[in-house]
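Chemist: generate coordinates for the sequence data below:
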Amino acid sequence: MNTLTVGTASAKPGSIATGGIEVTNHPGGGKVSIPVVIINGTDEGPVLWINNGIHGDEPQGAWAIHALMKKVDPKKLHGTLVGVPYINVPAFEARARGNTRDPFAYDMNQIYPGNPTGRLTHRIAWAHKEALTASADMEISVHSGGRECFLGTTLFTSELSLELAKAMGPGWELLLDSPHPKGSPMAELFEQGKPAISIEQGGGGLMPDDTLKDINVLVSAFLNVMRHYKMIQGAPEYAKEWRRGKQTAVLAQHSGLWVPEPGIEFHKPIKKGTLLGHICDLYGNALEEIKTPFDGEIFGIRTLPVVYTGEWMLFFAEVTETISQ
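Modeler: Alright, predicted model coming up:
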């Protein structure tokens, strides 16, 4: 094993290091940098990057990375684990999906590889891309529903990354085609012929116990991936079968107050035309019914009650194929 350096973090074999990928300076001083944690093992193995916080209002992956780092012993690790709790730190500081001071490059998940001489968000994406592609053998991008919605145990992948997707273990059976085949960290690894996946788990408006469940789901999956690739000891577990398909975002046709129906279940077969809720005005008059667009399953639903015309209400999966072990 060799020493791995990412930005200012440099970890010798059998050690842990923290640092940052520096981008520029704050106007008042100090560095704009991307935080990095490296756990470098003592034996040869793959370099796994786990990235979170490309959107600033999605903290679940950061919490899970922190919890994972406490469970991995560098003295018993084969390969290297690189954790990035937040890529888009300015968006995190703004408590928003994107950097509110950079509206021309608001969604970082669609602008990779970025631009070293572009707007600030482009420069952050470029710095992250350069570090990622220089050392990663595989990558997991962690997302959640942010402030407005909740999404559950869903993977975006490709043929190149099916092994990595399946290594996430039981509970991660829904494998969808990526809505961003270009412009994301995952796409940058694809360009190198390396496996990468984007995952969704959790969202805003939850009580602490619910958040802890999301963290445990993520950490368990990350450890299962590491067992599959023999980075740590233990037998990995796998789902019995997987469902592949594509997503549809159901958009609101009216502005108003979102009122969901009770008993909505994720990842259960549901028929076309099933009522999921309605949008009403502030007098309680129903303006629109939200129904499932076709047979399939729900994997994301709006939790923020205020909705504007054209905003999405739910994420729906049309299953096109079932894959067995």
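
Chemist: beta partners for the nearest residue to Gln253 once chain neighbours are set aside?
Modeler: Excluding the flanking residues, the one nearest Gln253 by C-beta to C-beta, 6 or more residues apart in numbering is Glu288, at 5.5 Å. (Glycine included, C-beta is placed from N, CA and C.) Following DSSP bridges, Glu288 is listed with bridge partners Ile279.

Chemist: I'd say Glu288 and Val250 touch.
Modeler: No. In this structure, Glu288 is not within contact of Val250 by C-beta atoms under 8 Å, at 10.9 Å.

Chemist: ok, Pro74 - contacts?
Modeler: When contacts are counted by C-beta atoms under 8 Å, 6 or more residues apart in numbering, Pro74 touches Ala11, Pro13, Gly14, Ser15, Ile16, Ile39, Asn40, Gly41, Thr42.

Chemist: with Gln247 instead?
Modeler: Here Gln247 is in contact with Leu176, Asp177, Pro179, Phe299, Phe315, Phe316, Ala317, Glu318 (criterion: C-beta under 8 Å, 6+ apart).

Chemist: what's the pLDDT at it?
Modeler: Note for Gln247: predicted pLDDT of 93.

Chemist: and for Asp209?
Modeler: 84.

Chemist: in terms of secondary structure, what does the strand or helix carrying it contact?
Modeler: Remark: Asp209 resides in helix 208-228, with elements defined by DSSP states H and E. Contact partners of helix 208-228 among helices and strands, from 3 or more C-beta pairs under 8 Å, 6 or more residues apart in numbering; DSSP states H and E: strand 43-52, helix 60-69, strand 138-143, strand 196-203.

Chemist: next structured bit after it?
Modeler: strand 241-251.

Chemist: contacts only, for Leu68.
Modeler: Contacts here follow C-beta under 8 Å, 6+ apart; on that basis Leu68 touches Ile50, Leu81, Gly83, Leu218, Val219, Phe222, Leu223.

Chemist: and the spatially closest residue to Val72 that is not a sequence neighbour, how many residues sit next to it?
Modeler: Nearest residue to Val72, sequence neighbours excluded (C-beta to C-beta, 6+ apart): Ile39, at 5.2 Å. Using other C-beta atoms under 10 Å, Ile39 has 23 other residues around it.

Chemist: could you measure from the residue of the chain positioned farthest from its centre over to Gly256?
Modeler: Centroid-distance maximum for the chain: Tyr283 at 37.6 Å, with C-alpha atoms, centre = their mean. Separation of Tyr283 from Gly256 (C-beta to C-beta, to the nearest Å) stands at 10 Å.

Chemist: re earlier: need the helices and strands packed on helix 208-228 in JSON lines (columns: mean pLDDT and distance to Gly234).
Modeler: Formatted as JSON lines, the helices and strands packed on helix 208-228 follow (pLDDT from 0 to 100; distance: least, C-beta to C-beta, whole Å):
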{"stretch": "strand 43-52", "mean pLDDT": "98", "distance to Gly234": "14"}
{"stretch": "helix 60-69", "mean pLDDT": "97", "distance to Gly234": "14"}
{"stretch": "strand 138-143", "mean pLDDT": "98", "distance to Gly234": "18"}
{"stretch": "strand 196-203", "mean pLDDT": "95", "distance to Gly234": "21"}
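
Chemist: nearest to Lys213, of these?
Modeler: Proximity to Lys213 (C-beta to C-beta) singles out strand 196-203 among the helices and strands packed on helix 208-228, at 8.6 Å.

Chemist: partners of that closest one, with directions?
Modeler: Using DSSP bridges, strand 196-203 pairs in its sheet with strand 138-143 (parallel), strand 149-157 (antiparallel).

Chemist: report the distance from the first one to the chain centre.
Modeler: Read that as strand 138-143. Its chain's C-alpha centre and that of strand 138-143 lie 6 Å apart, by C-alpha atoms, centre = their mean, to the nearest Å.

Chemist: when you give positions from now on, start the count at 808
Modeler: Okay, using 808 as the starting number, the last item reads as strand 945-950.

Chemist: tell me how many other residues surround Tyr1115.
Modeler: 9.
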